[in-house]
Each structure stands twice: as structure tokens, then as C-alpha cells.
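Asks: no FASTA, just this:
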């Protein structure tokens, strides 16, 4: 066996739909990884094109001419949605590690090297995410993804804090692939992360090693925001029975608080009584407790958010898109 064949392989799964103008930057950032350039790592890139109606097909053909057999293209004849698209390409992954990357995002050059080093040093972790720089469609920086410091993110923390992990930063060992592939569509990235956290704590590196494009007109949040909220709720509700009752009650109340805040900001629909009743039953508590705890939590969030805004206004600093207080 040659030295080249003994190198660790990362399968990078890229899901795309009508992202032709961003796709070349995305794919280039994979092959421009410093660990790939210096020959210490191989990448296998699988792109799932979910029946795009723009010039995605032509862009992918050009990229395949450039990168050859290292770039595999899976074209769908009809639109199957992001979850089915990811599953279709994950089923073809052969790497020692699996990475996810959305077609409009891109990576910093050291991303894979830093993450694989982390997993080598933390054998009890099966997955690792990093922070991200938030950029607009022109790649102008407009903040960071989260303010969470480097830590291990277990199921208790991920249910209690909500999702602050960037999907395009996710890397996990092949051993965890079966867990992701067993998810039943439709699902969102929060469902993937919760499933991985049930297996083992997810490592989080506060260094921003991904560039996440925010506010794009074709983003799933803008096009299918209501469905995303429903899938987020389903993922959380499915995870609550697997954590301690005390933690589940806090997590449920925190979810209610955030839903109220989002509704007040016009970013979501109000929490209906049926959902609140279901949530209380799953968390082994009462609607009254959830409402009371949520009210207290909203006060804490408002105070800390105002403090963070004041500090940023006086001292400067980046805008945080998914803060956790």
C-alpha cells in the first residue's frame, strides 16, 4: 500500500440547490485546505444537486473537469428537499471522517486540520463543530455566529441552550455516520446535532473556521421558515425524554422563552396552547411552571442582551448572530 493510500480521508458532503453563484467558492475552499495542499489529508467531495434550475449544473461540470475523480456529483431529477439530499450523498461517503458543508458557505484553510487534531486529542468525542464568521453575499464580514467559548456540548447543554452550532462546521468520525443516516426525513441540522450528542458530547472550537453567508434571499429560513420551526420543535421534543427531568424542564422553559421572544420580534409564530401542553407533558411539568420559568428567562435574556449591546456600542466588537447567555 502506498503512502498516499494510508492518508486519512475526509468525505465532504455538499448539499446545494440554486446556489450557482456561490458554489465555486464553496468547493474551492475544500481543496484549498492546508492539510490537503501539504499532502497530509485526502478529501472526497460529494455534491448533491437538488434539481437546481439555475446554472448549478454547468458550474459543477466545470469544477469536475478541474478536480477530476475527487469530486463526485449526484444529480436529482426532481426536488427532494435538503434532508433527502444530504442522505443521498451521505450514503456514498467512504471517508474516515464525514464533513457537512452547505453550498453557499465556505471554509477557512485550516478548518479540517484543526478539527482532526481535536478529534485525535479527544478520543471520547465523535463530532466537532467550530464557530463561524458571518458574511453577506459579497463576502463582507458582518459578525460571528455565536459567543459560546470552546467546550464539550452534551445533550443537556444542546437541549437547554438551543442550537448555536453551525451546520457547515460539522465534522464527525465514520463510526457516527450510521446515526445520521438513520434519521427520518424531513429534519434540520438541529436534529442531526441532537442525535450525535446522544452518542457522545460534541466538541466545540470557538475559533471561526467557517464562513457562513447570512440573509440570502434563497435561504431555507426565508423560504420555509415555518417548516424549519416545526422541525426544530420536533427535534427538541424527541430529545427531551433522554435527559434528566430537571434538565428537561429547564430546556422546555427555555424553548418557550425563545419562542415568545422570536414572536415578539416578528420572526416566528406564537406558541399555541396545544404545543405548550404537549411540551409540559414531555418535560414532566405543568404549563404554569413553563410559563413562569419562561417569563423569568425572558427577563434574564433581555438584561444580558442589553448589556452585550451596550458593551458593543461603547467598546466595539462583532455582532453575534446566535448569542447564548
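Replies: It's in. As the structure is a prediction and not an experimental result, all values here were calculated from the model.
Asks: can you tell me how far residue 111 sits from residue 306?
Replies: 34 Å (CB to CB, to the nearest Å). To be clear about C-beta, it is placed using only N, CA and C from the backbone, and glycine gets the same treatment.
Asks: Give me the more crowded residue out of those two.
Replies: When residue 111 and residue 306 are compared for neighbours, residue 111 comes out ahead with 27 against 10, by other CB atoms under 10 Å.
Asks: Now do the same for the more buried one: its pLDDT.
Replies: pLDDT recorded at residue 111 is 98.
Asks: Could you do residue 171 as well?
Replies: At residue 171, pLDDT is 98.
Asks: separation between it and residue 116?
Replies: From residue 171 to residue 116 the distance is 8 Å (CB to CB).
Asks: Looking at those two, which is more packed in?
Replies: residue 171 (24 against 21).
Asks: hey, what's that one bridged with?
Replies: Residue 171 has these beta-bridge partners by DSSP bridges: residue 99, residue 128.
Asks: Surely it and residue 127 touch.
Replies: Yes. When contacts are counted by CB atoms under 8 Å, residue 171 is listed as touching residue 127 (6.8 Å).
Asks: In a strand, residue 43, correct?
Replies: Yes. Under DSSP: H, G, I helix; E, B strand; the rest coil, residue 43 falls within a strand.
Asks: what's around residue 157, how many residues?
Replies: Around residue 157 there are 20 residues (other CB under 10 Å).
Asks: now swap in residue 187 and tell me
Replies: 23.
Asks: Find the residue closest to it in space, skipping its chain neighbours.
Replies: residue 83 (5.0 Å; CB to CB, 6 or more residues apart in numbering).
Asks: Now for that neighbour, how many residues are close by?
Replies: Residue 83: 19 neighbours (other CB under 10 Å).
Asks: Compute the distance between it and residue 30, please.
Replies: From residue 83 to residue 30 the distance is 22 Å (CB to CB).
Asks: Which residues does residue 153 form beta bridges with?
Replies: residue 202.
Asks: contacting residues for it?
Replies: 129, 165, 197, 201, 202, 203, 204 (CB atoms under 8 Å, 6 or more residues apart in numbering).
Asks: what does residue 132 give?
Replies: By CB under 8 Å, 6+ apart, the neighbours of residue 132 are 105, 144, 145, 166, 168, 169, 208, 209, 210, 211, 212.
Asks: just to confirm, which helix or strand has it in it?
Replies: strand 127-135 (DSSP states H and E).
Asks: Pull out the buried positions in the helix or strand that that strand is followed by.
Replies: Downstream of strand 127-135, the first helix or strand assigned by DSSP H and E is strand 141-144. By neighbour count on 16 or more other CB atoms under 10 Å, the buried set for strand 141-144 is 143, 144.
Asks: Strand 141-144 packs against which elements?
Replies: Under the contact definition 3 or more CB pairs under 8 Å, 6 or more residues apart in numbering; DSSP states H and E, strand 141-144 sits against strand 127-135.
Asks: So what's the model's average confidence on the strand it packs on?
Replies: Here the average pLDDT along strand 127-135 is 98.
Asks: on that earlier part again, pipe the contacts of residue 132 into CSV and attach secondary structure and distance to residue 137 per row.
Replies: Converted to CSV, those look like this (DSSP: H, G, I helix; E, B strand; the rest coil; distance: CB to CB, whole Å):
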residue, secondary structure, distance to residue 137
105, coil, 12
144, strand, 18
145, coil, 17
166, coil, 18
168, helix, 16
169, helix, 20
208, strand, 18
209, strand, 20
210, strand, 16
211, strand, 12
212, strand, 12
